[in-house]
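> Give me the fold of what follows.
(chains A and B)
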Amino acid sequence: MGPETEREYVEYLNARLSRLHRTAFLLCGDEHRADDIVQSTAVALYLNWKRVQSADNVDGYVHRMLVRQYLDTKRQFWSKVMLTARTLERPAPPEHGFDERSELAPALAQLPKGQRTVLVLRFYCDLSVEDTATAMGCSAGNVKSQSARGLATLRKLLTVGSMS
Amino acid sequence: MKDRYDDGAAGDPGADRTERILGESLSTMDIPPSTLDVSDLVRLGRRRVRRRRHATTGMVAALTLVAVAAPVGLVQWHNRVSPTASTPVSAEPDSSAPSTPTAVAAPCTATTVTLPKSGKAYTADIGAMDPSGRYLVSGPHTSTAPILWDNLHPRYLAAPGPAAAAIAVNAAGTVVGTTTGSKELSSGWIYRDGEIRYLPAPAGYPLLVAPVDINAAGDVVGIGQSKAAQNIVPVLWPAEATAKVHPLTLPDSAPAGVIDVAIGDDGTVAATLVGKIASIPYRWLADGTGQELAIPNGAQGGMVKAIRGTWAFGSVYLDANTAGREPRTTADPDQKFGYFPTPARWDLRTGEVKLLDQAVRGIAVTGNAAGDMVVQVIRGDGTADVLYRGGRPVTLETATSSGVAQPAAVSDSGRLVAGNDIVERGGQVVLRQPTMWRC
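Next up, the predicted model:
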């Protein structure tokens, strides 16, 4: 990579690193894994920067790479177990003054991987249904159904939380 | 094309509200800060480009792996850990296992492992093999029901639930695995004598139950989360009556729980305990008494991942002189404390621990009765799984033209190695080819 191209890469990363990190954290719910996902994505991005740069939608392309890294994470079994465990370890919700925001992170963590990914990409990254489908390598219909189910589950979890 | 599903629940005012709260909350909720730095990431990218130029074939890549794992900066602290007579430690390269000087010259030959025939495109990988090498089970990257191979003949296991996955198999072909229940919590199943049954949860541990390992007799060890203490403890399902499942007692020094468990053929259970400062390698003998596994002086804790024969495999954390350190890497969460894992093997008869090579960063994730080990080697930008025999890396022929061999298990004879051939393109995995190597 020439110095000029590398400067452009650095500029892009400087502007997007915190957003990529937030996306990765929202997807996996673990700070170390989030860093690992972002690091792998950044290295892959460096290797393919020229191609990515010429894409119509650079952010969409990078999101796709990040989602792939997340879905490919090794030791999937353990990550699932630990995520579930962490969710259950959260303190009981307060009896009064229920705050949907503080409840949302653990509720999100309880969703199946596909639903969680769809909700983060659509409602945090603001990707369209089509871009989300491309990022996840599935059909638009699949994104819509996962989105609807994810939202329904979240609503249920939040309702149950506020009543307990 | 018309989709069957509506985007969100149209006409339901609750849907919009949830979407709005979701979007706002995801953008503003507090999350832990990242430890990543743009200049580190650029450095990693440059190094990866350099390595690509040099490692043009899978063969060359495998041979350079160890050199890559021991950059110049790490050699300097090589002698800093000084084992003393008080701790049974041997830091020199392993000499007890049969030395195979020809291993690198004559690579193990690859045979692709076929998947069950299906009209649909799907992917599967190999997760585990029994110590005899007869049985294989599919791994976490399998998009179908779990697969069991008997002498390389595949068949599906009708495990319950859409997210069922096989975890371990023994020489009798008994398989244990996990599935996700209605509340998205893990629960366990066992396949024995042609039938699949749920593994019962121990009383008081309804939150999470998952089998992790099985020994020759069919004793199963796993993890469960206690309702009362909320911590994760080892759970044992004895072979003679899985209904008599019971948790193992954690030592007072580590009430927080375990992160890895394994079981040996004599009933010994090994586990990585969550300690106050560092993780602790630990074992319970068949009679239930427990003790910490030895670590070298100067080391800070360790992990134990597997038992085969009389060996336990894992890692110990050595003190990394901060000078010359690389940015934190995958599978190396403790690096921020100035410690990094080096592959280790314990002789469970004597309690002695041997380090593979202090210059290799990584974790021995499994092994065989002869002491061979599969090491997840940690490199600057990720990990690579490498088979070590007699202290030296064994070259596995790649099954595909552009892939990298990734061993997952080695038979007790050392002649069969099971795993996957991984093909990456632009840093992304595009193919996992299930593979059996003959050595």
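> Can you get me the centre-to-centre distance for stretch B:155-174 and its chain?
Centroid separation for stretch B:155-174 versus its chain: 18 Å, with C-alpha atoms, centre = their mean, to the nearest Å.
> Buried ones in it, by neighbour count?
B:157, B:159-160, B:164-174 (16 or more other C-beta atoms under 10 Å in any protein chain shown). Backbone N, C-alpha and C define where each C-beta goes, glycine included.
> Likewise for stretch A:106-126?
Buried positions in stretch A:106-126, judged by neighbour count with 16+ other C-beta under 10 Å: A:106-125.
> just for chain B, where's the confidence low?
Residues of chain B that meet the criterion pLDDT under 70 lie in B:1-18, B:51-106, B:119, B:121, B:181-186, B:206-207, B:320-338, B:380-381.
> tell me, what residue is most central in it?
Centroid-nearest residue in chain B, with C-alpha atoms, centre = their mean: residue B:365, separated by 5.0 Å.
> which residues does that residue contact?
Shown in contact with residue B:365 (C-beta atoms under 8 Å, 6 or more residues apart in numbering or on different chains): B:305, B:306, B:313, B:374, B:375, B:376, B:385.
> What about the residues you listed, which one has the most neighbours?
Neighbour counts for the contacts of residue B:365, by other C-beta atoms under 10 Å in any protein chain shown, peak at residue B:375, which reaches 30 neighbours.
> where in chain A is pLDDT low?
For chain A, residues meeting the criterion pLDDT under 70 lie at A:72-103, A:105, A:159-164.
> And the helices in it, which stretches?
A:3-28, A:31-47, A:49-53, A:58-72, A:76-88, A:100-109, A:113-119, A:129-136, A:140-163 (DSSP state H).
> Skipping adjacent residues, who's closest to the spatially most central residue of chain A in space?
Nearest residue to the geometric centre of chain A (C-alpha atoms, centre = their mean): residue A:27, 3.2 Å. Once flanking residues are discounted, residue A:27 sits nearest to residue A:70: 4.9 Å by C-beta to C-beta, 6 or more residues apart in numbering or on different chains.
> Give the burial count for that neighbour, as a bare number.
For residue A:70, the neighbour count with other C-beta under 10 Å is 25.
> ok, now residue A:150?
Close neighbours of residue A:150, defined as other C-beta under 10 Å, add up to 25.
> who's in contact with it?
A:111, A:115, A:116, A:118, A:119.
> closest to residue B:187 out of the helices of chain A?
With C-beta to C-beta as the measure, helix A:76-88 is the member of the helices of chain A nearest residue B:187 (10.8 Å).
> hang on, the earlier thing: want to try JSON lines for the helices of chain A, with distance to residue B:227 as columns?
Below are the helices of chain A laid out as JSON lines (distance: least, C-beta to C-beta, whole Å):
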{"stretch": "helix A:3-28", "distance to residue B:227": "26"}
{"stretch": "helix A:31-47", "distance to residue B:227": "27"}
{"stretch": "helix A:49-53", "distance to residue B:227": "48"}
{"stretch": "helix A:58-72", "distance to residue B:227": "31"}
{"stretch": "helix A:76-88", "distance to residue B:227": "10"}
{"stretch": "helix A:100-109", "distance to residue B:227": "18"}
{"stretch": "helix A:113-119", "distance to residue B:227": "25"}
{"stretch": "helix A:129-136", "distance to residue B:227": "35"}
{"stretch": "helix A:140-163", "distance to residue B:227": "18"}
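> out of these, nearest to residue B:126?
helix A:76-88 (14.0 Å).
> near chain A too, which of the buried residues of stretch B:155-174?
B:165, B:167 (C-beta under 8 Å from any C-beta of the partner chain).
> of the buried residues of stretch B:155-174, closest to residue B:236?
For these, the nearest to residue B:236 is residue B:168 (14.1 Å; C-beta to C-beta).
> how close does that closest one sit to residue B:148?
12 Å (C-beta to C-beta, to the nearest Å).
> quick one: common contacting residues for these two?
In contact with both residue B:168 and residue B:148: B:137, B:175, using C-beta under 8 Å, 6+ apart.
> Helices of chain B, residue ranges please.
Under DSSP H, chain B gives helices at B:13-28, B:38-54, B:58-69, B:72-75.
> just checking, what packs against the second one?
Helices and strands in packing contact with helix B:38-54 are listed as helix A:3-28, helix A:31-47, helix B:58-69; criterion 3 or more C-beta pairs under 8 Å, 6 or more residues apart in numbering or on different chains; DSSP states H and E.
> Quick check: chain neighbours aside, which residue is closest to residue A:50?
residue A:5 (6.7 Å).
> got the contact list for that neighbour?
If you count contacts by C-beta under 8 Å, 6+ apart, then residue A:5 has A:49, A:50, A:53 around it.
> and which of the residues you listed is nearest chain B?
Nearest to chain B among these: residue A:49, at 8.3 Å, using C-beta to the nearest C-beta.
> Now do stretch B:229-238: distance to the chain's middle.
Centroid separation for stretch B:229-238 versus its chain: 19 Å, with C-alpha atoms, centre = their mean.
> Does it reach chain A?
Yes. Counting by C-beta under 8 Å from any C-beta, contacts between stretch B:229-238 and chain A involve B:230, B:232.
> now, which of the contacts of residue B:365 lie within strands?
B:305, B:306, B:313, B:374, B:375, B:376, B:385 (DSSP state E).
> Would you agree the fifth one is in contact with residue B:357?
Going back to what we said before, that points to residue B:375. No. Between residue B:375 and residue B:357 there is no contact under C-beta atoms under 8 Å: 9.5 Å.
> anything in contact with each of the two?
Counting by C-beta under 8 Å, 6+ apart, the residues touching both residue B:375 and residue B:357 are residue B:343.
> Show me what residue of the stretch 301-439 of chain B gets nearest to chain A.
For the stretch 301-439 of chain B, C-beta to the nearest C-beta, closest residue to chain A: residue B:427, 2.8 Å.
> What is the burial count for that residue?
So residue B:427, with other C-beta under 10 Å, has 21 neighbours.
> do you know how far it is from residue A:43?
Taking C-beta to C-beta, one finds residue B:427 at 6 Å from residue A:43.
> mind listing what residue 134 touches?
Since you didn't name a chain, this refers to chain A. Residue A:134 touches A:60, A:64, counting by C-beta under 8 Å, 6+ apart.
> hm, I was asking about chain B
B:150, B:151, B:171, B:173.
> Does the third one touch residue B:132 like I think?
Same thing as residue B:171. Yes. Under the criterion of C-beta under 8 Å, residue B:171 makes contact with residue B:132 at 4.4 Å.
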